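Novice: predicted model follows, preceded by the sequence.
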Amino acid sequence: MIAGVLKEKTGEHRVSLVPEVVKQLIQQSVTVWVEPGAGALAFYPDEAYTQAGAIIKPAADIIQEANLLLSMHLPASPLWETIPEGKMLAGIYQPLYNAGLIQEAAARKLTLFSLDSIPRTTRAQSMDVLSSQANIAGYKAVLLAAYTYSRYFPMFMTAAGSIAPAKVLILGAGVAGLQAVATARRLGAVVEVFDTRPAVKEEVMSLGARFVEVEGAADASAAGGYAVEQTPEYKQRQEARIAESAVKADIVITTAQIPGKKAPVLITDAMLDKMRPGSVIVDLAAATGGNTAQTQNDTTIQHNGITIIGNSNLAAAMPADASKLYARNMFNFLQLVIRNGQATPDFEDDIVQGACITHNGAVTNERVKALGVAAV
């Protein structure tokens, strides 16, 4: 079979496969074609792919002849319209937020494997693209905040006077949030963390941060690391506690998302009005609406002296390592799809079932169907 690696859309610097993973696939009797320049922005030149055994081919040839198309995002027009019926694709397609594209893919009898839909089980950890990319995003969010912030992060005691450490508030203690905690602490900040899941308290405290507790949260254990809808009474208590911390914070990192729904607004206009001028907010939930009332996706704005950075794609700002980790996740997943050099997905496997969004003209993923994306 032929696996084809496509160049990503403008603004995405990562690539689906890196040369070392290409070499491993070739050892499994898979032919790998790579679009010219596909890895250039991640610092993997075409020469590295050819040395690994790949063949450089135009995108049009890859789309028509490859059995499996690999791109982190669905190809942009006009390439998208040229993909033949029945083709197999794998990437991060966010099916819960892209109902129209999913319906179109089903109508064209494309088989879509979206790795962000893989069940987050122990067996699937090596394929968990959400975790590998969120880890990078949490790290980069703190570095971006430190670069933007007009003061020091650590405490300094000098002959000219003392500088108090920065106060960092992190909303959400998933993979991105915990990495943000660790990074902010390494930079010398005082860190508080809010999360609806009491189970993460121990992890937060082990990293040297204070956990902000609000009692009465709905159980989020089955939400795959995301937030869940809460009761009105809980939201009132939550808002009051977050407000107390937000008005004292110099830096806020927000990460809360709810699958298939708009991200919850955790930082209201009233809170923003009371925050210190010069404060910085980095909103990693910007692509799904944002956790602040003023967040704009892929945009940095000034609001009453506060810098609000809306960026859900920070992992792409570290494309070399992000691509390396993603490619390893992809390789591990493909072990369930490719056998003896041929594409033979085991649709009885729970991981393959979870990742498969459309197949044979129908939407197959139960979570996507539950949101009203009908079979074709």
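Specialist: Everything's here; your move. What you see is a predicted model; the values in this text were computed from it and never measured.

Novice: show me the shaky parts of the protein.
Specialist: Scanning the chain for pLDDT under 70 picks out 217-229, 372-376.

Novice: run the last query once more with 90
Specialist: For the chain, the stretches flagged by pLDDT under 90 are 10-11, 76-77, 97-100, 120, 158-161, 196-199, 213-239, 257-261, 340, 366-376.

Novice: can you give me the helices in it?
Specialist: 19-27, 46-52, 59-65, 79-82, 99-107, 129-148, 175-186, 201-206, 232-246, 269-274, 319-334, 350-355, 366-370 (DSSP state H).

Novice: out of these, which comes closest to Ile92?
Specialist: With Cβ to Cβ as the measure, helix 129-148 is the member of the helices of the chain nearest Ile92 (5.9 Å). Where C-beta positions appear, they are placed from N, C-alpha and C, glycine not excepted.

Novice: how far does the closest one sit from its chain's centre?
Specialist: For helix 129-148, the separation from the chain centroid amounts to 10 Å (computed by Cα atoms, centre = their mean, to the nearest Å).

Novice: now that helix against helix 175-186, angle please.
Specialist: Note on geometry: by axes from the mean of the first three to the mean of the last three Cα atoms, to 10 degrees, helix 129-148 and helix 175-186 are set 40 degrees apart in direction.

Novice: count the neighbours of the residue nearest to Lys369 when sequence neighbours are not counted for me.
Specialist: Excluding the flanking residues, the one nearest Lys369 by Cβ to Cβ, 6 or more residues apart in numbering is Val363, at 5.5 Å. Other residues lying near Val363 total 23 when counted by other Cβ atoms under 10 Å.

Novice: before we move on, what about Val337?
Specialist: Val337 has 25 nearby residues by other Cβ under 10 Å.

Novice: what sits against Lys57?
Specialist: The contact partners of Lys57, by Cβ atoms under 8 Å, 6 or more residues apart in numbering, come to Gly4, Trp33, Val34, Glu35.

Novice: now the third one: how far from Ser71?
Specialist: Right, Val34. Remark: distance between Val34 and Ser71 (Cβ to Cβ, to the nearest Å) = 11 Å.

Novice: and for the first one?
Specialist: Here Gly4 is placed at a distance of 9 Å from Ser71 (Cβ to Cβ).

Novice: ok, Val175 next?
Specialist: Look at Val175 and Ser71: by Cβ to Cβ, they are 23 Å apart.

Novice: which one of these two is surrounded by more residues?
Specialist: Ser71 (26 against 20).
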